[in-house]
Structures are given as structure tokens and as C-alpha cells.
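**Q** what would the 3D arrangement of this be:
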Amino acid sequence: MNEICIRTNKGEYVGGETIFGIVYLAVRNPIQSRKLKLKIKGHEKCEWDYSYSVREEDNWVKRTGKKKGRTQFLELNQNLIEYEDDFPLGYFFYPFQYVLPQGLPGTFYYKCDEKGNSVLAEVAYKIKAEVVDTSGSSDAKLKAVQLLSISDRCKIRDAAECTKTSMVKTCCCIPRGDVIVTANLDKMTYQTGEEATILIDVKNNSSINTSHMVVRLMRGIRLRGADAHRERSKKEPKCLMDVMSMSSYEGCASGSFKRTNAPIKLWSQQHEIDKADILPSTSGSVVRCNYHIDIEVVVPWAPDVELQVPIQIKPPKNKTWEEWKSPSWASECHRVITQGPCAVTAKTLDSASFSGVIISPQ
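**A** Purely as a prediction, here's the structure:
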């Protein structure tokens, strides 16, 4: 039985990085094919149910429809090798490299179905090696697929300190002095399941005691799509704003300074064990997911002082890559020099980029 598998140098990437990998192929039986293909794809898509009204005779009738959006922003279909005759029998490995485009949106998956209102959003990547047997047999196709995890390129400034000064006015117009709120984060980019550490300084120069302070982790999802079955349907956005966590802290007396340590768990109580329900950030054209920490200092009889601190959340570790096990025959494979733009030189193959990807004989 013929076998094929694919292995990359790591499981998580960022746009602009280079994927280094190897396709392992065991040809025990003749294959009526001359080509080994490498395919890399990335897409984003979304869909959701919505309602609208149409005029029928003298009445307005409520109808339901589905809006969809999709973008294919990455598609590689490249021959790694093309033999003059059919594949030779034996064990072989085919090294490759590919530079990911800059600015790729992060991996993302969201699905919700509440009260008949279904929402689906996805940003997904995969890499595939494929040998197609030209004999026409559907069972003769050899292929191996690995999912890729892409982190959104960080667009947040490096500084982890944000400050806001607000004049406290009672009765909408009487000034009572200002309140200065400063937030210091240990970093601006986090992994799903981590705990964010934020120090909040409140300097109350006003003549009014603040009653309390509320800290919320906010998530905003924006989708863009249209209903293909309605001529007048526009590509309009759907926005979902959720409070992921919320904590309350003591207020700050007039003329005083107060420092609060406000840890924020990047998971909910329902997922205390796996910590997997916080979706990663992504910035696609039809699927977007952003986070910010909302700090609200509540002032009696006056507008509250609010400060928003954006953060970015990276996707979880690529479990399929981490749990991959090499086949027993991989160490018997012989190198084949690949062709085309994904070809790898001998110098690159011997570099640290392929460390752990090439399976050496035991």
C-alpha cells in the first residue's frame, strides 16, 4: 500500500514568514502518475440568518434569508516534481519552502445557533500534498493534509500604557476637577487561555468620590455578506458585541490616588479546564474579531470616565501539528531534488530551518 504524509517546521505562522516542510512518500505499488503537487489554501467565509419585510398586496410580510461573504486570499498549486515516467518504487522525501503573503488574517472559527438565528464565521488555512493516479481510480489518489494556524499580524502599538484625563462635571456643566485613569498592561498580545495582568491607577483630583470601577473584557465580531437571492441585498455588516468577563472594584476618594491590580482571565468559567472559548483576533475583509479592555470609573451624578485598551489574542497551539507522529518508514526515505519556486537548496536543507523536519535513520 502506498503512503504519503506532510510535515512543516512548525504549526503556527504569521504572514510574511516562510513555511519549510517535507513531503514523505512511500511507493510500494506502481503509480500511474508523474506529478507531486503542493497546494496551500487560505479563505475566509461567513453566513448568518436575517429577516426582512416585503410588500404583498396591501400587507407587509416578514421573510427570512441568509447573507454570505467569502474571500479566497491564498491559493498555491505547484508541482514539486514531475518525472519523465511514472513514480519509481521506493521511499522518498521532497523538501519545499513557501513564503506566506504579508498581512494574512488570523485563523478563526465561530458558530452560534440561538433562537433560529444561525451565525457562522471562519478563517482557515491548510497545506496539502497530492499525487493523482491517472488510471482513473478514485481510490488511487494519494493525499496528505495539514491544517495551518496563522496569527493575525499585530497592529497594536508596542506601548502597553494608556491614559485618559476627564473633567468631572455635575449637572452636565459644573466643573468639579479632573480624574486621570492610567492602565498598564504586562503586554498587548496574549495567547488564548492566558491571564492578562493590568494595573490601573486612578488619580482623583475632583471634589467628588468615585463610587466604584468596572473592568470588562469586550469582544467585537464584524461580518460582511450579502443575500445572493435578493437583487437589492447589499453587502452590509453584522456586528456582535459581547462582554467576555467583568469585575468590579472599589472607588477612589476625592483628592486621592488608588492603584488596582485587575487580572483578567482570557477564558470564561464554563471553560475553566480547557480555557478554549476565547476566540483569537482576526482582521479579514469579511470576518473581523477585535478585543479591548473597557475600564469604567463610575462618578455619581456625572458622566463616567471610560478608558479602552485594545489587546490582541493569538490562536491556540496547533494540536494536529503537535500530535503528529512520523511513520516508521520515514527514516528510509531518500531525498529528491524538487523543482519550481518552492524548491529548496542543499544549503537551506542543512540549515536550522529544517531541524526536526527531516527524519534521520535510527
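
**Q** burial check on residue 147, number of neighbours?
**A** 14 (other Cβ atoms under 10 Å). From N, CA and C alone the C-beta is placed, and that goes for glycine too.

**Q** how near is it to residue 128?
**A** 10 Å (Cβ to Cβ, to the nearest Å).

**Q** now do the contacts for the closest residue to residue 84 other than its chain neighbours.
**A** Leaving aside its sequence neighbours, residue 84 sits nearest to residue 34 (Cβ to Cβ, 6 or more residues apart in numbering; 7.2 Å). Residues near residue 34 by Cβ atoms under 8 Å, 6 or more residues apart in numbering: 82-87.

**Q** what does the pLDDT read for residue 34?
**A** According to the prediction, residue 34 has pLDDT 91.

**Q** flag the shaky bits of the stretch 51-200 of the chain, pLDDT-wise.
**A** For the stretch 51-200 of the chain, the stretches with pLDDT under 70 are 114-116, 136-140, 154-160, 172.

**Q** ranges for the strands of it?
**A** Taking DSSP state E, counting those that start in this stretch, the strands of the stretch 51-200 of the chain run over residues 59-82, 90-99, 108-114, 117-131, 142-151, 161-170, 174-185, 189-191, 195-196, 198-204.

**Q** rebuild the ones you listed as a markdown table, extending it with distance to residue 42.
**A** Shown next, in a markdown table, are the strands of the stretch 51-200 of the chain (distance: least, Cβ to Cβ, whole Å):
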| stretch | distance to residue 42 |
| --- | --- |
| strand 59-82 | 3 |
| strand 90-99 | 12 |
| strand 108-114 | 12 |
| strand 117-131 | 4 |
| strand 142-151 | 7 |
| strand 161-170 | 33 |
| strand 174-185 | 30 |
| strand 189-191 | 21 |
| strand 195-196 | 29 |
| strand 198-204 | 33 |
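
**Q** closest one to residue 280 among these?
**A** Residue 280 lies closest, by Cβ to Cβ, to one member of the strands of the stretch 51-200 of the chain: strand 108-114, at 6.0 Å.

**Q** so what's the nearest residue to residue 112 once chain neighbours are set aside bridging to?
**A** Once flanking residues are discounted, residue 112 sits nearest to residue 119: 4.6 Å by Cβ to Cβ, 6+ apart. Applying DSSP bridges to residue 119 gives these bridge partners: residue 48, residue 112.
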